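*Asks:* Predicted structure and sequence below. I'll ask about it afterward.
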Amino acid sequence: MKGYLSILLLTIALVFGQTFDGITNKDITRTVDLTSQFAKQTSVITVSNTGSKSVDTYFFTAEESFMRHLAYYEVRDASGAALQQQPTTWGNKKNNQTFALASVKLATPLAAGATVVLTLKTVFTHTMTPYPASISQAEKQLVRYFDNHYFASPYPTQTQTTTVKLPSSQIESRSDQSPSSSRGDTITYGPYEDVAAFSYSPMTLHFENNKPFLTVTSLVKEIEVSHWSNVAVEETYHIQHDGAALKGTFSRYDYQRTQGQAPAHIPVMRQVLPIQAADVYYRDEIGNISTSHLAYTDNGAVLDLTPRFPLFGGWKFGFYMGYNLPSSAVLGTDTADSSRWVLNITLGSDIDQACVDDLTVRIILPEGAKNPQVYSNVQFDSEDKSKLHYTYLDTTGRPVIELKRKNVVSEHNQYFQVTYNFGAFSMFQEPFLIIGAFLLFFAAIMAYVRFEFNVGNKKIRSAAASAVDDLLLRFQDIMETRFDLHQSLDRALESAVGSKNVTAFNTERARLEATLNKAKREVSDLIADVEKLDGGAEVARKLKEIEAKQEKRVAAQAKLLQTELAHKVDRKLAKADYDKQYPEQRGLFTSLDQEIAGDVSDLTEDM
């Protein structure tokens, strides 16, 4: 442990003790873009090796408090090639200021006397502070920005110029470092000549900036890979407006009447999704948010997300959205190894002009994927491959790669690749699992119907018992016919009462009663056949009991019909007598009807 600590201290001492001899910045042209919530700086640096030895590393620096807000940087040479970045070191004290040092590896060592032109692009977040800190709904937003009049460098600079681009020409105040000038929304500092290394002169700007100060405090981007259909992307956002806080209460009436008089709010958020994005949804804890609009353009699918309420300074909002991408658009195989798959997809948020404080990207690979590797130009704070995700039909779980990074801007939204091994058998694992489940189910059904699961000896039915069962089925059919005939008699009477046509009723009644008599003869023959069979005596006895009740039912219905005809058609029965006789007769008939139905059901239940 002591050995590692000694090496670390020696490395820091070498960096902090670096004299930076032999390098001179011949010219620096720096542009500071403050037209959004970010401070984007582009510096074109002409570097000269005035020493006697070649150098292969170039250092650049910034005040440590400012460098803490650095989200992104890149250095390119004159050919446009990006140079390799080195780790940043902190705590270098010069001229009563604490500087942080970053460095890049030159594509080729810079020989003595040679020059090279480098372009440094940096993006800083949370460098503008609302001032005043709170404003009313209709006020414009003013911010303050602090920087260095000079391009901070560990090397001496022969000449340098800084141009600051503002979002408007409304400048409340600005610091002055002669020579400097201001014209409209542009401020120029310099040119300054013979600037010493680590020079510092505080720059302070106070100006109007109504651009969205949209901060995503937390973003979880989940990418679920399927080889069968699509790649599902879901993003969960927790956002807030980091501009000047709203002073007083919000007036919905004033907002609806004159939205242009609330210049510092955020009415809508725009995302540019991949052109293949489909099945897009936008929801929060309440449910679907219908205030969104999706349009397909040459540059992609443009999605405008309108929150449930306009965002003013200090306000927060949470939601999640997602979409599907066809697997063919983002998934392919390695040309050198067909079992090695490559996922190629973007990293960060697609929301325009948003700063992400904390980004988590989860890539859920298909079950059976092995040896996953991540390739990205963006460095991550952590990379975890130990987790598993379970969903439908999973057995061993799906491998999950979890990537985390803080302070993410749109420049980080680059394509990155995830490679993994995935065999053909693994791809068909879930279909085989479904097929196997169905086969087991049908095999269980086949076993159930073919095996006897009753406790005790299985009863073997005799031929006589089977014959009795057949006769009982015939009896059941006859009884169902009888029920229908009795109902038909009731309907015929109702028709006669309505039409006063007794002749038609008598004709229909004679036909139905003849059918009932025929059924009676069939039952009589059936009982005789049952009595002839072995063990049929008991069944025949029950059939005779039912037949006796049937005779009573026929008689009960005959009386019922006669009563209704006498009162409703012939008018020979007084209402008082009708009201007394009819309920009794109807009750008797209904009771017999139910008893017969129950007896027939009991008799045929144990067949």
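*Replies:* Structure's in. What do you need?

*Asks:* so what's Asp394 closest to, chain neighbours aside?
*Replies:* Nearest residue to Asp394 in three dimensions, chain neighbours excluded: Glu367, at 5.3 Å (CB to CB, 6 or more residues apart in numbering). Just so you know, the C-beta spots here come from the backbone N, C-alpha and C atoms, and that holds for glycine as well.

*Asks:* dump the residue contacts of that neighbour.
*Replies:* Applying CB atoms under 8 Å, 6 or more residues apart in numbering to Glu367 gives the contacts 394-398, 426, 429-430.

*Asks:* Using a markdown table, please lay out the residues you listed together with distance to Glu480 and pLDDT.
*Replies:* Below are these laid out as a markdown table (distance: CB to CB, whole Å; pLDDT from 0 to 100):
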| residue | distance to Glu480 | pLDDT |
| --- | --- | --- |
| Asp394 | 54 | 72 |
| Thr395 | 54 | 75 |
| Thr396 | 59 | 81 |
| Gly397 | 59 | 85 |
| Arg398 | 60 | 88 |
| Ser426 | 60 | 68 |
| Gln429 | 55 | 75 |
| Glu430 | 51 | 76 |
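
*Asks:* Among the residues you listed, which one sits closest to Gln84?
*Replies:* Nearest to Gln84 among these, counting by CB to CB, is Arg398 at 34.8 Å.

*Asks:* Quick check: bridge partners of the closest one?
*Replies:* Taking DSSP bridges as the rule, Arg398 bridges to His389.

*Asks:* From Thr391, how far out is it?
*Replies:* Distance, Arg398 to Thr391, by CB to CB, to the nearest Å: 7 Å.

*Asks:* Give me the more crowded residue out of the two.
*Replies:* Arg398 (20 against 10; other CB atoms under 10 Å).

*Asks:* Give the full set of residues in contact with that one.
*Replies:* Applying CB under 8 Å, 6+ apart, the residues near Arg398 are 364-367, 369, 388-391.

*Asks:* got TSV for the residues you listed, with pLDDT and distance to Phe66 too?
*Replies:* Putting these into TSV (pLDDT from 0 to 100; distance: CB to CB, whole Å) gives the following:
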residue	pLDDT	distance to Phe66
Ile364	93	38
Leu365	93	40
Pro366	90	45
Glu367	87	47
Ala369	87	43
Leu388	90	42
His389	86	40
Tyr390	85	46
Thr391	82	46
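
*Asks:* buried set for stretch 101-108?
*Replies:* Across stretch 101-108, burial judged by 16 or more other CB atoms under 10 Å covers 101-104, 106-107.

*Asks:* Ignore what I typed, I meant stretch 76-95.
*Replies:* 76-77, 83, 89, 92, 94.

*Asks:* for that stretch, the distance to its chain's centre please.
*Replies:* What separates the centre of stretch 76-95 from the centre of its chain is 40 Å, taken as CA atoms, centre = their mean, to the nearest Å.

*Asks:* For that stretch, C-alpha coordinates in PDB please.
*Replies:* Extracted as PDB, the C-alpha positions of stretch 76-95 are listed here (Å, rounded to 0.1, in the frame of the first residue of the first chain):
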ATOM      1  CA  ARG A  76      -8.300  18.300 -32.300                       C
ATOM      2  CA  ASP A  77      -5.300  19.100 -34.500                       C
ATOM      3  CA  ALA A  78      -5.300  20.800 -37.900                       C
ATOM      4  CA  SER A  79      -6.300  17.500 -39.600                       C
ATOM      5  CA  GLY A  80      -9.400  17.300 -37.500                       C
ATOM      6  CA  ALA A  81      -8.200  14.200 -35.600                       C
ATOM      7  CA  ALA A  82      -9.200  14.100 -31.900                       C
ATOM      8  CA  LEU A  83      -6.300  13.900 -29.500                       C
ATOM      9  CA  GLN A  84      -6.100  11.400 -26.700                       C
ATOM     10  CA  GLN A  85      -7.100  12.900 -23.300                       C
ATOM     11  CA  GLN A  86      -5.100  12.500 -20.100                       C
ATOM     12  CA  PRO A  87      -6.500  12.500 -16.500                       C
ATOM     13  CA  THR A  88      -7.100  15.900 -14.900                       C
ATOM     14  CA  THR A  89      -5.100  16.900 -11.900                       C
ATOM     15  CA  TRP A  90      -6.200  19.300  -9.200                       C
ATOM     16  CA  GLY A  91      -4.700  21.700  -6.700                       C
ATOM     17  CA  ASN A  92      -2.000  23.600  -8.600                       C
ATOM     18  CA  LYS A  93      -1.600  27.000  -6.900                       C
ATOM     19  CA  LYS A  94      -0.300  29.900  -9.000                       C
ATOM     20  CA  ASN A  95      -0.700  33.700  -8.600                       C
END
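
*Asks:* Now that stretch: average pLDDT?
*Replies:* Per-residue pLDDT values over stretch 76-95 give a mean of 80.

*Asks:* With stretch 342-349 instead?
*Replies:* The average of the pLDDT scores along stretch 342-349 is 88.

*Asks:* Alpha carbons of it, in PDB - could you do that?
*Replies:* Extracted C-alpha coordinates of stretch 342-349, given in PDB (Å, rounded to 0.1, in the frame of the first residue of the first chain):
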ATOM      1  CA  VAL A 342     -23.100  -5.600 -31.700                       C
ATOM      2  CA  LEU A 343     -25.600  -3.100 -30.300                       C
ATOM      3  CA  ASN A 344     -25.100   0.400 -31.700                       C
ATOM      4  CA  ILE A 345     -27.200   3.100 -30.000                       C
ATOM      5  CA  THR A 346     -27.000   6.600 -28.600                       C
ATOM      6  CA  LEU A 347     -26.000   7.200 -25.000                       C
ATOM      7  CA  GLY A 348     -27.700  10.200 -23.400                       C
ATOM      8  CA  SER A 349     -30.800  12.300 -23.500                       C
END
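
*Asks:* Residues in contact with it: which ones?
*Replies:* 216, 219, 221, 223, 225, 231, 233, 235, 237, 271, 274, 325, 330-334, 356, 359, 361, 363, 376, 378, 408, 410, 412-420.

*Asks:* thinking again about what came up before, check whether the residue nearest to Asp394 sits in a helix, strand or coil.
*Replies:* Following DSSP: H, G, I helix; E, B strand; the rest coil, Glu367 is assigned to coil.

*Asks:* And the helices in the protein, which stretches?
*Replies:* 2-16, 64-67, 252-257, 327-330, 424-427, 429-450, 463-499, 502-532, 537-564, 575-605 (DSSP state H).

*Asks:* Of all the ones you listed, which one comes closest to Asn49?
*Replies:* For Asn49, the closest of the helices of the chain is helix 2-16, at 19.7 Å, according to CB to CB.

*Asks:* from what I can see Ala62 touches Ala100, true?
*Replies:* Yes - Ala62 lies in contact with Ala100 (CB atoms under 8 Å); the separation is 6.2 Å.

*Asks:* okay, those two: which has more neighbours?
*Replies:* Comparing Ala62 with Ala100 by other CB under 10 Å, the one with more neighbours is Ala62, at 24 against 20.

*Asks:* Run a quick neighbour tally on the closest residue to the more buried one other than its chain neighbours.
*Replies:* Spatially, and ignoring its direct neighbours in sequence, Ala62 is nearest to Ala152 (5.3 Å; CB to CB, 6+ apart). Neighbour count of Ala152, defined by other CB under 10 Å: 24.

*Asks:* which ones are touching Ala152?
*Replies:* By CB under 8 Å, 6+ apart, Ala152 lies in contact with 60-63, 99, 198-200.

*Asks:* Got a quick ChimeraX command for the buried subset of these?
*Replies:* To isolate the buried ones among the contacts of Ala152 in ChimeraX, judged by 16+ other CB under 10 Å, type:
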select :60,61,62,63,99,198,199,200
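
*Asks:* out of the contacts of Ala152, who's nearest Leu485?
*Replies:* Closest approach to Leu485 among these (CB to CB): Ala62, at 104.3 Å.

*Asks:* Quick check: the closest one vs His265, distance?
*Replies:* Remark: distance between Ala62 and His265 (CB to CB) = 32 Å.

*Asks:* Output the lowest mean pLDDT helix or strand found in the chain.
*Replies:* Least confident helix or strand of the chain, by mean pLDDT, DSSP states H and E, is helix 2-16 with a mean of 39.
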